[in-house]
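Asks: Predicted model and sequence below, questions to follow.
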Amino acid sequence: MTQLALVIDLNVCVGCHACVTSCKEWNTSGSAGPMVDQNPYGADPTGTFFNRVQTFEVGEFPNTETVHFPKSCLHCEDPPCVPVCPTGASYKRPEDGIVLVDYDKCIGCKYCSWACPYGARELDEQQRVMKKCTLCVDRIHDMSMSPDDRLPACVKACPTSARLFGDIHDPASAVSLAIRESGGYPLMPEWGTHPANHYLPRRKTRIKIHADELERADNPLKVDGLLPRPARSEPTLDDVTTW
Amino acid sequence: MALALLVAGLAASFFHLGHPERAWRSAAMWRTSWLSREVIVLPAFMGVVFLYGATHWLDWHPVLVTLPGGLPVDPSVILGVAGTLLAFALFLCTAMIYACLKFLGEWHSPLTVINYILLGGASGFTLAAAFAAVTAPELVSFLAGWAAIITLLGLFSRSASLVRNARLKPKSTLQTAIGISNRRIVQKTQGFMGGSFNTREFFHGQPVLVVRGVKWFFMLAVFPLPLLLLLAGIHGGSIALGAAFVVQYLGLLAERWFFFAQANHPQNLYYQAIA
């Protein structure tokens, strides 16, 4: 069974919000209708987004690290938002594991948002239905696009390739490899939701440099430096050679 | 009167939806969703209450069976039993909507179900007692007595849930939320400066003092005050019983607000700071 998912590398994310804006751009232009903002240029702007990038400071000054943390629907393998939906508008696609909302069935009761511990769902204030990340379901299966473009908009936009996309149930896929070999982990594992999206941890890059690698013992310059300095009266190189 | 309250409840539930015209769809997922089950039980209960009222209104009491003890069974008895069971089912469904959410620790407890049944039963009996004081004085002491007993039981169960929730330690922390084990993590920005659904829906935005005030208000208005008024009116004082209902009802509104305010949603961990 296929379970499509994102794997987000926190070691690489620079917090540029390109995934946020490209997500909004693609999904607001989609067939499901716009993701309308309220008061976008006013004092208190608000709107629906599928993806947010948050920033955390980890550690005590001066030993702190800034962690940029992209957050969207995690497409849980056991999604708590789906069984609570009274209309069946929230569902998990058996063929690729994407959790979706049928905007024509949603009654806007917000129960699913209360059932999601990650706050991944946002109510569209204009359409009065619950919205969430679709993993760009209208891109990734669109055979009229070139294979390079059949990726979620956020993945395409990421300038540092912090976002990987693929089938985590396929042990040979790049995402499975990344989870396995780079310590990929799920969020809030304590609730048993088994999020499909995984995060790769920050990694410390350390190399051991020995003193003789910085300063070679057989450095010819140093050998030269040890030769006696010629006297000022002796001819220079220019005096004895013609170039 | 019960039907009018139920209709009011149904209307309120319709119009808090984003799409009231699609509310009929919400009965579809009764296999998994307590909300869907509630949507089915509520109209069923309304129908039974209507039929129960109709049998009495039309004075239609053909004896269907006679129980061994000599007790005649007519349609209104059957409907009354069915209605009582459905009332319990409705309380159960409503409470389970909240109690089934396992990561909302304040709600995820059998006490939530017990509280819904007891508080609903208490206010129902109080209203019935006040109504009986005007229409059927011979039932007043029975109804007011039970109202007082259920109110007292409710006091115990609600206090128990307050004590339980005060000791509750959230399972999710900032560490599990972003999967970094450092002891000191501070959010610097939630990613946007304006509000969002996440910042509006799950935060009550009231200072601690207000929350605490509401708690003490409902602990007074739902339990001791109506208890005193019920005991004062147990022999038919319709004013005291009416007052008991009004005070208890206002208290229950505060209780429900507090119930929601106390729920500490794990998603709040992600929405702590605006850069």
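Replies: Yep, that arrived.
Asks: alpha carbons only for contacts and neighbour counts from here, please
Replies: Fine.
Asks: Quick one: name whatever helix or strand follows the lowest-mean-pLDDT helix or strand in chain A.
Replies: Using mean pLDDT, DSSP states H and E, the weakest-scoring helix or strand in chain A turns out to be helix A:220-226, at a mean of 69. As assigned by DSSP states H and E, the chain's next helix or strand after helix A:220-226 is helix A:237-240.
Asks: Quick one: distance of that following helix to the chain centre.
Replies: Its chain's C-alpha centre lies 64 Å from the corresponding centre of helix A:237-240 when counted by Cα atoms, centre = their mean, to the nearest Å.
Asks: quick one: buried residues of that helix?
Replies: Residues of helix A:237-240 classed as buried by neighbour count (16 or more other Cα atoms under 10 Å in any protein chain shown): none.
Asks: give me the element the residue of chain B positioned farthest from its centre is part of.
Replies: When distances are taken from the C-alpha mean of chain B, B:N182 lies farthest, 40.8 Å away, according to Cα atoms, centre = their mean. Here B:N182, judged by DSSP H and E, is contained in no helix and no strand.
Asks: Touching, it and B:Q175? I think so.
Replies: Yes: look at B:N182 against B:Q175 with Cα atoms under 8 Å: they come within range, at 7.0 Å.
Asks: Can you classify residue 172 by secondary structure?
Replies: You didn't pick a chain, so chain A it is. coil (DSSP: H, G, I helix; E, B strand; the rest coil).
Asks: So it versus chain B, what's the distance?
Replies: 25 Å (Cα to the nearest Cα, to the nearest Å).
Asks: and A:T2, that one's in a helix?
Replies: No: going by three-state DSSP, the assignment for A:T2 is coil, not a helix.
Asks: got the phi/psi numbers for it?
Replies: Note on A:T2: backbone dihedrals following degrees, to the nearest 10 are phi -90, psi 140.
Asks: Give me the contacts around the biggest helix by length in chain A.
Replies: The longest helix of chain A (DSSP state H) is helix A:18-28. With contacts defined as Cα atoms under 8 Å, 6 or more residues apart in numbering or on different chains, helix A:18-28 is touched by A:34-36, A:49-53, A:136, A:153-155, A:157-159.
Asks: quick one: which of these is nearest to B:A275?
Replies: Among the contacts of helix A:18-28, A:V53 lies closest to B:A275 (Cα to Cα), at 12.1 Å.
Asks: tell me the secondary structure for that closest one?
Replies: Secondary structure, three-state DSSP: A:V53 is strand.
Asks: Provide a list of residues in contact with the closest residue in space to it that isn't next to it in sequence.
Replies: Leaving aside its sequence neighbours, A:V53 sits nearest to A:P70 (Cα to Cα, 6 or more residues apart in numbering or on different chains; 4.1 Å). Residues near A:P70 by Cα under 8 Å, 6+ apart: A:I8, A:G15, A:N51, A:R52, A:V53, A:Q54.
Asks: just the angle between the one helix or strand A:P70 maps to and helix A:18-28, please?
Replies: Element membership for A:P70 (DSSP H and E) is strand A:65-72. Orientation note: strand A:65-72 sits at an angle of 10 degrees relative to helix A:18-28 (axes from the mean of the first three to the mean of the last three Cα atoms, to 10 degrees).
Asks: Which strands or helices does the next helix or strand after strand A:65-72 pack on?
Replies: Next along the chain after strand A:65-72, taking DSSP H and E as the criterion, comes helix A:81-84. Applying 3 or more Cα pairs under 8 Å, 6 or more residues apart in numbering or on different chains; DSSP states H and E, we find helix A:81-84 packed against strand A:90-92, helix A:111-115.
Asks: Show the average pLDDT along the helix or strand following the longest helix of chain A.
Replies: The helix or strand immediately downstream of helix A:18-28 is strand A:37-38, counting by DSSP H and E. What strand A:37-38 shows for mean pLDDT is 90.
Asks: follow-up on the earlier one: neighbour-wise, which of the contacts of A:P70 leads?
Replies: Neighbour counts for the contacts of A:P70 (other Cα atoms under 10 Å in any protein chain shown) peak at A:I8, which has 27 neighbours.
Asks: Surely that residue touches A:C158?
Replies: No: using Cα under 8 Å, A:I8 makes no contact with A:C158, being 10.5 Å away.
Asks: residues from the stretch 101-250 of chain B in reach of chain A?
Replies: B:101-103, B:171-172, B:176-180, B:182-192, B:194-198 (Cα under 8 Å from any Cα of the partner chain).
Asks: Filter those down to the buried ones.
Replies: B:101, B:103, B:172, B:176-180, B:185-192, B:196-198.
Asks: In strands only, show me the residues you listed.
Replies: Judged by DSSP state E, these include B:I185, B:V186, B:Q187, B:K188, B:T189 as members of strands.
Asks: what's the closest non-adjacent residue to B:P62?
Replies: Distances taken as Cα to Cα, 6+ apart place B:D74 nearest to B:P62, at 5.6 Å, with adjacent residues excluded.
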